[in-house]
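Engineer: Turn this into a structure:
(chains A and B)
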2 protein chains.
Amino acid sequence: MKYFITGVSGFVGRYFVEYLQKKENDADIFGADIAPSCNLPIKYRQIDLIDKAATSEIIGNYKPDYIVHLASISSVGQSWQNPSFCFVNNTTIMLNILEAVVQNKLNSRILSIGSSEEYGDGEMPFAENMPLNPKNPYAVAKVSQELLGKLYAENMGCDVVMTRSFNHIGPNQSERFVVPSFMRQIVNIKQGAENKMSVGNINVARDFLDVRDVVDAYYKILHRAKSGAIYNVCSGKTFKLSEIIKIAEDISGININVEVDTSRLRPNDVMVIVGSNQKIKQELGWEPQYDMQQTIKDILLSMEQNNEK
Amino acid sequence: MKYFITGVSGFVGRYFVEYLQKKENDADIFGADIAPSCNLPIKYRQIDLIDKAATSEIIGNYKPDYIVHLASISSVGQSWQNPSFCFVNNTTIMLNILEAVVQNKLNSRILSIGSSEEYGDGEMPFAENMPLNPKNPYAVAKVSQELLGKLYAENMGCDVVMTRSFNHIGPNQSERFVVPSFMRQIVNIKQGAENKMSVGNINVARDFLDVRDVVDAYYKILHRAKSGAIYNVCSGKTFKLSEIIKIAEDISGININVEVDTSRLRPNDVMVIVGSNQKIKQELGWEPQYDMQQTIKDILLSMEQNNEK
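Structural biologist: Numbers count the residues shown, from 1 in each chain, chains lettered A, B, ... in the order given. Predicted coordinates:
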């Protein structure tokens, strides 16, 4: 099977390639990303997917069975800095991929990645049939991307499956995200490089899913979902950031002095976000395999090993 | 008061200018449109609102109290021909206007025009609190435009009011729309230039509102609505196309031979579309002033007069 993966250099992209290569001996993988190279054992091309002609040409020539569309301007914070860029980028890239499939008369199945941010506020746990109330430019872009996916699936004969993905964590995630930034500080404290940990509001609780469970969910959606279907990808559980710190303390065998840095506090931070994963469990037989202890252990181990290199 | 009107050369734009000039003696009106000139007694500039810098410059210099954003790629049919163009055009222009207001630190109130197409299928009459199910590229673009409007109103301190507008009719509408195309044929038959009328499916029923009631609704929304509010603009009544032909026959005093042209039949045409106008009536004190007889009479009269010119 031929897989075209956008955003392949990213956190999820790398795990997806690893998963695919274990799962299918003969997987033919073509990665694309805005980065100059990807350092992965696959075919690769640097491309800005905003370029409609280039996107159509690359997809038209490769004729993938599956398009795993992971590329995204994905930071809520950044989306406030430049709402227009975030919106146009996410939606135009989605349109360019859809149009590439239509114009080249391909049957490629497209996996489009959405976000828990689409739900905004509302009753929790968020389920797929609940109303969407996007509250930031990134969330609006993701709702629009999903509307385009549904439109092409329902009205233009495209084969599109979609997610609303919640927080991911796992080894090798960028340290601009909260959990790896905390884990880095804990590793530094354990190694004597720091003596206290700087945090924001650690009472917020989120639905964190191990990235290895994320890619397993994406693979099952890609291979088992009906066209037009949308699935939450989440653990269905919440952990407060303070609980994650406690788990990491126990694993590391150290006590952490935690200091609140007011510059890390965000106004109007939602206290709890949690999704329901009943639909993907029941319809596609997916089950998460990694618990929080395992994930944190693997993140800490990976950071310690990287420090030693 | 200073009014900046986009799409001013269009059907609604011309009526809005006329309405404004009657309503406010000292209305300062600046029209913008992609057309080279507008033939209206107002300040005018040709502009493609896709051009972000030009949009920001024109709005920043004029500093309008009100922005009446009528410009739109508004044809559902055309949106199927080029979904990407329709989506990008409608949403990017909305973003450019919003960003122009933010970047120039203006307090301009923006009126954003949406569509009954946003509702798609669902229970009728459509009311503002019902779920949106956009079923064509134009509808998806309008939902996305509305999401952007709400986002900037609720989270970025912009003053945005929005509509979901149903079918408009009235004198001087383009004859690519169904009612004026029928009326033209009736005028031609009356004058002996044709002997029968060619139609598509005349059993479809739509919620038609006289364009003079539309601009009255827009003015009241602009001046009376709360920021972030969305209003249906519709008659709340349905007329079948066959009933409109009958009204025109009675007014013209002729009998029409109607012939179905199968090329005018659209697959999957929704039989009835009707909205509720309870919200705008109750909250803003708007009431439609033109009934269907009056509207049809005025359309026919205007066509006959234009023929004589």
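Engineer: just for the stretch 201-309 of chain A, where's the confidence low?
Structural biologist: Scanning the stretch 201-309 of chain A for pLDDT under 70 picks out A:267-268, A:308-309.
Engineer: Mind checking what helix or strand follows the helix or strand hosting A:Trp80 in sequence?
Structural biologist: Assigned by DSSP states H and E, A:Trp80 belongs to helix A:76-81. Proceeding C-terminally, helix A:76-81 gives way to helix A:83-103 as the next helix or strand, assigned by DSSP H and E.
Engineer: List the buried residues of the helix holding A:Trp80.
Structural biologist: For helix A:76-81, the neighbour count (16 or more other CB atoms under 10 Å in any protein chain shown) marks A:Ser79 as buried. All C-beta spots, glycine's among them, are computed from the backbone N, C-alpha and C.
Engineer: Run the chain-centre distance for that helix.
Structural biologist: The chain centre lies 17 Å from the centre of helix A:76-81; the measure is CA atoms, centre = their mean, to the nearest Å.
Engineer: Kindly report the same for stretch A:191-206.
Structural biologist: Centre-to-centre, stretch A:191-206 and its host chain are 23 Å apart (CA atoms, centre = their mean).
Engineer: same thing with stretch A:150-170?
Structural biologist: Centroid separation for stretch A:150-170 versus its chain: 13 Å, with CA atoms, centre = their mean.
Engineer: ok so, going back, now what about the helix holding A:Trp80, what contacts it?
Structural biologist: Outside helix A:76-81, the residues that touch it by CB atoms under 8 Å, 6 or more residues apart in numbering or on different chains are A:Ile73, A:Cys86, A:Phe87, A:Glu117, A:Asn136, A:Pro137, A:Tyr138, A:Ala139, A:Ala141.
Engineer: For A:Gln173, list the residues it contacts.
Structural biologist: Taking CB under 8 Å, 6+ apart as the test, what A:Gln173 contacts is A:Phe11, A:Val179, A:Pro180, A:Val211, A:Ile299.
Engineer: out of the residues you listed, which are buried?
Structural biologist: Here, 16+ other CB under 10 Å leaves A:Phe11, A:Val179, A:Pro180, A:Val211, A:Ile299 buried among these.
Engineer: Looking at those residues, which is nearest B:Asn195?
Structural biologist: A:Phe11 (70.7 Å; CB to CB).
Engineer: all helices of chain A, in order?
Structural biologist: Taking DSSP state H, the helices of chain A run over residues A:11-23, A:52-62, A:76-81, A:83-103, A:137-155, A:178-190, A:211-224, A:241-252, A:278-284, A:292-308.
Engineer: In a markdown table: the ones you listed, plus distance to B:Glu249.
Structural biologist: Listed next are the helices of chain A as a markdown table, based on distance: least, CB to CB, whole Å:
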| stretch | distance to B:Glu249 |
| --- | --- |
| helix A:11-23 | 64 |
| helix A:52-62 | 50 |
| helix A:76-81 | 56 |
| helix A:83-103 | 44 |
| helix A:137-155 | 37 |
| helix A:178-190 | 70 |
| helix A:211-224 | 57 |
| helix A:241-252 | 73 |
| helix A:278-284 | 55 |
| helix A:292-308 | 74 |
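Engineer: what's the most buried one of those helices?
Structural biologist: Across these, averaging neighbours per residue (mean count of other CB atoms under 10 Å in any protein chain shown) puts helix A:137-155 on top, at a mean of 25.
Engineer: what's the nearest residue to A:Ser165 if we skip its chain neighbours?
Structural biologist: A:Val233 (4.4 Å; CB to CB, 6 or more residues apart in numbering or on different chains).
Engineer: Now for the one you found: which residues touch it?
Structural biologist: Counting by CB under 8 Å, 6+ apart, A:Val233 touches A:Thr163, A:Arg164, A:Ser165, A:Phe166, A:Leu209, A:Val214, A:Ala217, A:Tyr218, A:Ile221, A:Asn277, A:Ile280.
Engineer: Now the helix holding A:Trp80: average pLDDT?
Structural biologist: The average pLDDT within helix A:76-81 is 85.
Engineer: any chance of the contacts of A:Gln173 in CSV, plus distance to A:Tyr44?
Structural biologist: Supplementary listing: the contacts of A:Gln173 in CSV, determined by distance: CB to CB, whole Å:
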residue, distance to A:Tyr44
A:Phe11, 17
A:Val179, 29
A:Pro180, 25
A:Val211, 21
A:Ile299, 27
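Engineer: Isn't A:Ala100 up against A:Lys63?
Structural biologist: No: between A:Ala100 and A:Lys63 no contact is recorded; they are 10.7 Å apart, counting by CB atoms under 8 Å.
Engineer: tell me, what's touching these two both at once?
Structural biologist: Common neighbours of A:Ala100 and A:Lys63, using CB under 8 Å, 6+ apart, are A:Leu106.
Engineer: Other residues contacting stretch A:143-160?
Structural biologist: For stretch A:143-160, contacts defined as CB under 8 Å, 6+ apart pick out A:87, A:90-91, A:94-95, A:98, A:101-102, A:107-110, A:112, A:114, A:118, A:132, A:134, A:162, A:164, A:227-228, A:230, B:83, B:87, B:91, B:134-137, B:140, B:143-144, B:147.
Engineer: mind redoing it with 7 Å?
Structural biologist: By CB atoms under 7 Å, 6 or more residues apart in numbering or on different chains, the surrounding residues in contact with stretch A:143-160 are A:90-91, A:94-95, A:98, A:101-102, A:107, A:109-110, A:112, A:114, A:118, A:132, A:134, A:162, A:227-228, A:230, B:134-137, B:140, B:143-144, B:147.
Engineer: got the contact list for the nearest residue to A:Gly200 once chain neighbours are set aside?
Structural biologist: Beyond its immediate neighbours in the sequence, the residue positioned closest to A:Gly200 (CB to CB, 6+ apart) is A:Arg264, lying 3.2 Å away. By CB under 7 Å, 6+ apart, the contact set of A:Arg264 is A:Ser198, A:Val199, A:Gly200.
Engineer: Of these, which is the most crowded?
Structural biologist: Neighbour counts for those peak at A:Val199, which has 20 neighbours (criterion: other CB atoms under 10 Å in any protein chain shown).
Engineer: so how far is A:Ser263 from it?
Structural biologist: For A:Val199, the distance to A:Ser263 equals 11 Å [CB to CB, to the nearest Å].
Engineer: same thing with A:Ile254?
Structural biologist: Taken as CB to CB, the span from A:Ile254 to A:Ser263 is 25 Å.
Engineer: out of the two, which sits in the busier spot?
Structural biologist: When A:Ile254 and A:Ser263 are compared for neighbours, A:Ile254 comes out ahead with 11 against 7, by other CB under 10 Å.
Engineer: hang on, that one packs against A:Asn188?
Structural biologist: No: if you go by CB atoms under 7 Å, A:Ile254 and A:Asn188 don't touch, sitting 11.1 Å apart.
Engineer: Near chain B, which residues of the stretch 151-300 of chain A are found?
Structural biologist: Within the stretch 151-300 of chain A, the positions adjacent to chain B are A:Leu151, A:Asn155 by CB under 7 Å from any CB of the partner chain.
Engineer: By proximity to chain B, which residue of the stretch 151-300 of chain A wins?
Structural biologist: Residue nearest to chain B within the stretch 151-300 of chain A (CB to the nearest CB): A:Leu151, separated by 5.2 Å.
Engineer: Just the pLDDT at that residue, thanks.
Structural biologist: So A:Leu151 comes in at 95 (pLDDT).
Engineer: Now A:Ile230: closest residue in space that isn't a chain neighbour?
Structural biologist: Here the residue nearest A:Ile230, using CB to CB, 6+ apart, is A:Met162, at 4.4 Å.
Engineer: measure the one you found to A:Asn232 for me?
Structural biologist: Taking CB to CB as the measure, A:Met162 falls 10 Å from A:Asn232.
Engineer: now swap in A:Ala53 and tell me
Structural biologist: Taking CB to CB, one finds A:Ala53 at 35 Å from A:Asn232.
Engineer: Could you pull up the contacting residues of the nearest residue to A:Gly170 once chain neighbours are set aside?
Structural biologist: Counting by CB to CB, 6+ apart, the nearest residue to A:Gly170 once its immediate chain neighbours are dropped is A:Val211, at 3.4 Å. Applying CB under 7 Å, 6+ apart to A:Val211 gives the contacts A:Phe11, A:Val12, A:Tyr15, A:His168, A:Ile169, A:Gly170.
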